[in-house]
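Visitor: Sequence plus predicted model, see below.
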Amino acid sequence: MAATPKRIPIEGSTGYGLMTLTMNKIVPQDQAFETINNAIKDGVRFFNAGEFYGSRDDSLLNLKYLKAYFKKYPENRSKMIISVKGIIDPVTFTPDTSPENIKKSIENIISFFPNKYIDLFEPARMDLKHPVEDVVKSIIPYIESGNVGGISLSEVKGETIERANKIYPISCVEVEYSMWSTEPLTNGTNEVCKKYGIPIIAYSPLGGGFLTDSKMMKPLRLTTVSLKLLMNTLS
């Protein structure tokens with residue numbers, strides 16, 4: 001029997017992105033674990049990870065860190081809602097949202113998690129070859145099997161969100177939002193998310209480090225992502 005379509009609740013006004021723990025400059029594992037623990041102590045419940053958030057030598061390092069973290073702190077798994085990006089080739093960094101690659105990506109990701117379950121699967125980008133309706137339909141069997149809780153989208157416009165949400169309720173949408181990136185307010189993202197009550201995960205809100213220390217600005221995203229509902233605060 002098919003599961004009743006539902007959204008995974010996104011709690012709190014801030015979340016924590018795990019990319020910079022394992023990508024480019026690798027943070028020692030003990031320090032990374034302490035950082036995650038401190039975030040949980042501060043009330044953070046939403047975390048974002050990536051199948052390809054690793055080093056040149058090990059593209060799966062982000063997932064390996066999480067596997068080791070939950071082995072050491074199994075009690076913290078229930079305190080976290082984790083969205084995991086997938087379907088990106090770790091060498092070319094190009095997306096592939098074919099049914100075959102979605103299957104490969106999800107099955108790889110869940111193998112690193114307790115009980116082979118992730119809260120949210122997030123196609124990191126659309127490849128413009130496969131309609132978003134088909135992408136969502138390829139994820140649904142894993143929701144029905146109990147391996148995935150819900151669906152998140154990344155870097156999509158309002159029209160795409162609208163089409164995807166008609167197939168299955170979208171739990172959240174992650175997009176870059178800062179003074180330098182205001183596209184969510186003009187490409188329909190904010191409007192459609194407000195219409196359906198979908199939280200927007202606004203990453204890089206401080207301009208990739210520009211507003212905190214311009215000397216430290218790099219082509220990396222901040223690890224902290226804002227979870228404020230833009231449909232309420234910016235409309």
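Guide: Ah, there it is.

Visitor: all helices of the protein, in order?
Guide: For the chain, the helices defined by DSSP state H occupy 19-22, 29-41, 61-72, 99-110, 132-144, 158-167, 189-196, 230-233.

Visitor: Pull out the buried residues from the third one.
Guide: Which is helix 61-72. Buried positions in helix 61-72, judged by neighbour count with 16 or more other CB atoms under 10 Å: 61, 62, 63, 65, 66, 69, 70. (Glycine included, C-beta is placed from N, CA and C.)

Visitor: From residue 140, how far out is the fifth one?
Guide: If I follow you right, that is residue 66. 24 Å (CB to CB, to the nearest Å).

Visitor: What of the fourth one?
Guide: With the distance defined as CB to CB, residue 65 ends up 29 Å from residue 140.

Visitor: likewise the last one?
Guide: In this structure, residue 70 lies at 26 Å from residue 140, with CB to CB as the measure.

Visitor: Repeat that for the third one.
Guide: The spacing between residue 63 and residue 140, counted by CB to CB, is 23 Å.

Visitor: can I get the CA coordinates of stretch 124-132 in CSV?
Guide: What follows is stretch 124-132, C-alpha atoms only, in CSV (Å, rounded to 0.1, in the frame of the first residue of the first chain):
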residue,chain,number,x,y,z
ALA,A,124,21.4,18.9,-6.5
ARG,A,125,20.5,20.3,-9.9
MET,A,126,18.1,19.5,-12.8
ASP,A,127,19.9,18.2,-15.9
LEU,A,128,17.3,19.7,-18.3
LYS,A,129,17.0,16.3,-20.1
HIS,A,130,14.5,14.7,-17.7
PRO,A,131,11.3,16.5,-16.8
VAL,A,132,11.0,17.2,-13.1
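
Visitor: which residues sit against it?
Guide: 50, 52, 85-88, 94-99, 135, 153-156, 160, 163-164 (CB atoms under 8 Å, 6 or more residues apart in numbering).

Visitor: buried sites along that stretch?
Guide: 124, 125, 126, 130, 132.

Visitor: Also stretch 38-53?
Guide: 39, 40, 44, 45, 46, 47, 48, 49, 50, 51, 52, 53.

Visitor: Next, the contact list for the closest residue to residue 61 other than its chain neighbours, please.
Guide: Nearest residue to residue 61, sequence neighbours excluded (CB to CB, 6 or more residues apart in numbering): residue 54, at 3.5 Å. Neighbour list for residue 54: 22, 23, 60, 61, 62, 63, 64, 90 [criterion: CB under 8 Å, 6+ apart].

Visitor: swap the cut-off to 7 Å and go again
Guide: 22, 23, 60, 61, 62 (CB atoms under 7 Å, 6 or more residues apart in numbering).

Visitor: Just give me the least confident of these.
Guide: Taken together, the contacts of residue 54 show their lowest pLDDT at residue 23, with 90.

Visitor: tally of neighbours for it?
Guide: 20 (other CB atoms under 10 Å).

Visitor: Same check on the one 4 residues further on?
Guide: Neighbour count of residue 27, defined by other CB under 10 Å: 17.

Visitor: separation between it and residue 104?
Guide: For residue 27, the distance to residue 104 - CB to CB - is 28 Å.

Visitor: and if you look at residue 70?
Guide: Taken as CB to CB, the span from residue 70 to residue 104 is 22 Å.

Visitor: Over to residue 46?
Guide: 26 Å.

Visitor: Among the contacts of stretch 124-132, which ones are in strands?
Guide: 50, 85, 86, 153, 154 (DSSP state E).

Visitor: Now for the residues you listed: which two are most distant?
Guide: When CB to CB is used, the two most widely separated members of the ones in strands among the contacts of stretch 124-132 are 50 and 153, lying 14.5 Å apart.
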